[in-house]
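**Q** Give the three-dimensional model of this entry:
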Amino acid sequence: MLVLTVSTVVDKFKINGAVARKILKDLHSKGLIKQCGDHNAHFTLYTGAQSKTADKVEDVKGKKQEKAAEPKEKKAAPEKAPAPKTE
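**A** Presented below is the predicted three-dimensional model:
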């Protein structure tokens with residue numbers, strides 16, 4: 001799960017903490033990220049609003065495994081010339 005904090009945004013983008021807080025609040029108001037846990041005056045934790053839940057991830061993995069289970073046509077390997085005999 002991707003977690004966003006002021007500290008991670010500051011470290012990743014090399015910006016000021018006040019700017020990072022403003023960006024996170026703006027993204028939260030637009031609905032691009034959502035707040036997790038309880039809000040604290042000193043620490044706010046966000047996660048992506050569009051992130052997949054565990055159920056959706058399993059569904060996607062199951063579909064990929066079904067596709068992988070389908071037999072694929074094998075290409076014929078090119079024939080190698082016989083090695084010359086040395087006596």
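**Q** Can you give me the first-to-last residue distance of stretch 34-45?
**A** Taking C-alpha to C-alpha, to the nearest Å, stretch 34-45 runs 9 Å from one end to the other.
**Q** List the buried residues for it?
**A** Under the neighbour-count criterion of 16 or more other C-beta atoms under 10 Å, stretch 34-45 has T44 buried. From N, CA and C alone the C-beta is placed, and that goes for glycine too.
**Q** With stretch 11-20 instead?
**A** Applying 16+ other C-beta under 10 Å to stretch 11-20 flags A20 as buried.
**Q** so for that stretch, what's the average pLDDT?
**A** Mean per-residue pLDDT for stretch 11-20: 96.
**Q** And stretch 25-40, by the same measure?
**A** For stretch 25-40, the mean confidence score works out to 89.
**Q** Touching that stretch from outside, list them.
**A** Stretch 25-40 is contacted by residues V3, L4, L24, T44, L45, Y46, T47, G48, A49, Q50 when judged by C-beta atoms under 8 Å, 6 or more residues apart in numbering.
**Q** Using CSV, lay out those residues together with secondary structure and distance to N16.
**A** Below are the contacts of stretch 25-40 laid out as CSV (DSSP: H, G, I helix; E, B strand; the rest coil; distance: C-beta to C-beta, whole Å):
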residue, secondary structure, distance to N16
V3, strand, 21
L4, strand, 16
L24, helix, 13
T44, coil, 16
L45, strand, 20
Y46, strand, 18
T47, strand, 23
G48, strand, 23
A49, coil, 25
Q50, coil, 27
